[in-house]
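**Student:** just need the structure, nothing else, for what follows:
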Amino acid sequence: MNDKLLDIEELRVSFQLPEGNARAVDGISFDLAAGETLGLVGESGCGKSVTALSILGLVPSPPGRVEAGHIRFEGQNLLRLDAERLRQIRGRDISMIFQEPMTSLNPVLTIGRQVAEPLLIHKALSKSDALAEAAAWLDHVKIPAVRKRLDDYPHQLSGGMRQRVMIAMAMVCRPKLLIADEPTTALDVTIQAQILSLMLELKTELNMSLLLITHDLGVVAQMASRVVVMYAGQIVEEGCTTDIFDRSFHPYTRGLLKSMPRLGDRRGRQSHRLQEIPGTVPSLTETAIGCKFADRCPHMFDVCRNQQPALFKIGDGHRARCWLKRYPDRRI
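**Tutor:** Okay, here's the model as predicted:
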């Protein structure tokens, strides 16, 4: 594709822990086109957030370290930029909405000052102009009584309002790429729907690319055109949203889908029984010889333990890291 905005190739990120070297991201590669929404999914600890922090150059060092790979944004490798050049891109061209706004917002600074800060840094606006633009964006994300809210502090807002403030902060410089890391965590269902609708509206308005990081497949189905599924630091399946939901191939992806709650029938009964994925995620300090999902997989056979599978082509733009592609007779 010639319109790649973001291109990640063979990214490896590790953390030096007391129990050993933990490979949090283990050789992942994916790209994101201009104007596209990509869902990055998987259970907690699979490497989704570390991937996002790597893009922004925010992996804490020590103990974290980007060991290898390339992260190209508009053709330039972000991993080779100095700290000052990264600061110029971060917040202006690439913005991020973090998981928990209460810990991301500064508790001793007013909302107005925090939303205006990116404009002061990246757009060199005067303080009064930056505050006026901040007020306009708070209104844009549907925060009521904007003039009052400019002087409020984070603790004075509800969870949904704080998340809207985070969106305003991320969008105020009109970035080309927005990374949303679990943007609806800890919000009730009604507020979740409002936040997602707002993000879609802003994405369309600015023709912005969106990297949506979540464990919620329902959110992915609503928002993303393409999906990357991660497990234990690796990509195990990728494809368009229809392929992932209707023609998923990897046993882990199928397990995630079976664990999703669904609407019941007309008499109110649940239409299917929720299924859990047995076993636990392997320790990131362990060196796996074969497939990392082998111990939890209902289709596991000898080669799974002895050799790590590649990402095999399943269909057009659809790939899965599973030996069942080579040995289809093993599928139950």
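**Student:** next, residue 27: secondary structure please.
**Tutor:** Following DSSP: H, G, I helix; E, B strand; the rest coil, the label given to residue 27 is strand.
**Student:** same thing with residue 212?
**Tutor:** Classification of residue 212 by three-state DSSP places it in strand.
**Student:** just give me the neighbour total for it.
**Tutor:** 26 (other C-beta atoms under 10 Å). In short, each C-beta sits where N, CA and C put it, glycine included.
**Student:** show me the contacts for it.
**Tutor:** Contacts for residue 212 (C-beta atoms under 8 Å, 6 or more residues apart in numbering) come out as 37, 38, 39, 40, 180, 183, 219, 220, 223, 224.
**Student:** the third one touches residue 222, doesn't it?
**Tutor:** No. Assessed by C-beta atoms under 8 Å, residue 39 is found out of contact with residue 222, at 9.7 Å.
**Student:** who's more crowded, these two?
**Tutor:** Higher neighbour count among residue 39 and residue 222: residue 39, with 24 against 15, using other C-beta under 10 Å.
**Student:** what helix or strand does that one sit in?
**Tutor:** Using DSSP states H and E, residue 39 sits in strand 37-41.
**Student:** next SSE downstream of that strand?
**Tutor:** Remark: after strand 37-41, the chain's next helix or strand is helix 48-56, criterion DSSP H and E.
**Student:** just the residues contacting that following helix, thanks.
**Tutor:** With contacts defined as C-beta under 8 Å, 6+ apart, helix 48-56 is touched by 6, 8, 11, 13, 24-25, 28, 40-42, 59, 64, 66, 71, 73, 78, 86, 90, 94, 96, 99, 179, 181-182, 211, 213, 230.
**Student:** and those residues, which of them are buried?
**Tutor:** 6, 8, 11, 13, 24-25, 28, 40-42, 59, 64, 66, 71, 73, 78, 90, 94, 96, 99, 179, 181-182, 211, 213, 230 (16 or more other C-beta atoms under 10 Å).
**Student:** mind listing which of these are in strands?
**Tutor:** Applying DSSP state E to the buried ones among the contacts of helix 48-56, the entries found in strands are 6, 8, 11, 13, 24-25, 28, 40-41, 64, 66, 71, 73, 94, 96, 179, 181, 211, 213, 230.
**Student:** how about low-confidence regions in the stretch 201-332 of the chain?
**Tutor:** Filtered on pLDDT under 70, the stretch 201-332 of the chain yields the residue ranges 262-273, 331-332.
**Student:** try 80
**Tutor:** Residue ranges of the stretch 201-332 of the chain with pLDDT under 80: 260-275, 287-288, 329-332.
**Student:** now the strands: where do they sit in it?
**Tutor:** Assignment of strands within the stretch 201-332 of the chain using DSSP state E, counting those that start in this stretch yields the ranges 209-214, 226-231, 234-240, 312-315, 318-320.
**Student:** for the shortest one, packing partners?
**Tutor:** So that's strand 318-320. For strand 318-320, the elements it packs on are strand 234-240, strand 312-315, judged by 3 or more C-beta pairs under 8 Å, 6 or more residues apart in numbering; DSSP states H and E.
**Student:** redo the strands of the stretch 201-332 of the chain as JSON lines? Include distance to residue 18.
**Tutor:** Formatted as JSON lines, the strands of the stretch 201-332 of the chain follow (distance: least, C-beta to C-beta, whole Å):
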{"stretch": "strand 209-214", "distance to residue 18": "27"}
{"stretch": "strand 226-231", "distance to residue 18": "25"}
{"stretch": "strand 234-240", "distance to residue 18": "24"}
{"stretch": "strand 312-315", "distance to residue 18": "37"}
{"stretch": "strand 318-320", "distance to residue 18": "35"}
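**Student:** which among these is found nearest to residue 127?
**Tutor:** strand 209-214 (30.5 Å; C-beta to C-beta).
**Student:** that closest one pairs with which strands?
**Tutor:** Paired neighbours of strand 209-214 in the sheet (DSSP bridges): strand 37-41 (parallel), strand 177-181 (parallel).
**Student:** off-centre distance for the first one?
**Tutor:** Spelled out, that is strand 37-41. 6 Å (C-alpha atoms, centre = their mean, to the nearest Å).
**Student:** cool, and stretch 47-55?
**Tutor:** Here stretch 47-55 is found 8 Å from its chain centre; the criterion is C-alpha atoms, centre = their mean.
**Student:** can I get it in PDB, CA atoms only?
**Tutor:** The C-alpha trace of stretch 47-55 is given here as PDB (Å, rounded to 0.1, in the frame of the first residue of the first chain):
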ATOM      1  CA  GLY A  47       1.400  -6.400  24.600                       C
ATOM      2  CA  LYS A  48      -1.200  -4.000  23.200                       C
ATOM      3  CA  SER A  49      -0.400  -1.000  25.400                       C
ATOM      4  CA  VAL A  50       3.300  -1.500  25.200                       C
ATOM      5  CA  THR A  51       3.000  -1.400  21.400                       C
ATOM      6  CA  ALA A  52       1.200   2.000  21.700                       C
ATOM      7  CA  LEU A  53       3.800   3.300  24.100                       C
ATOM      8  CA  SER A  54       6.500   2.200  21.700                       C
ATOM      9  CA  ILE A  55       5.000   4.300  18.900                       C
END
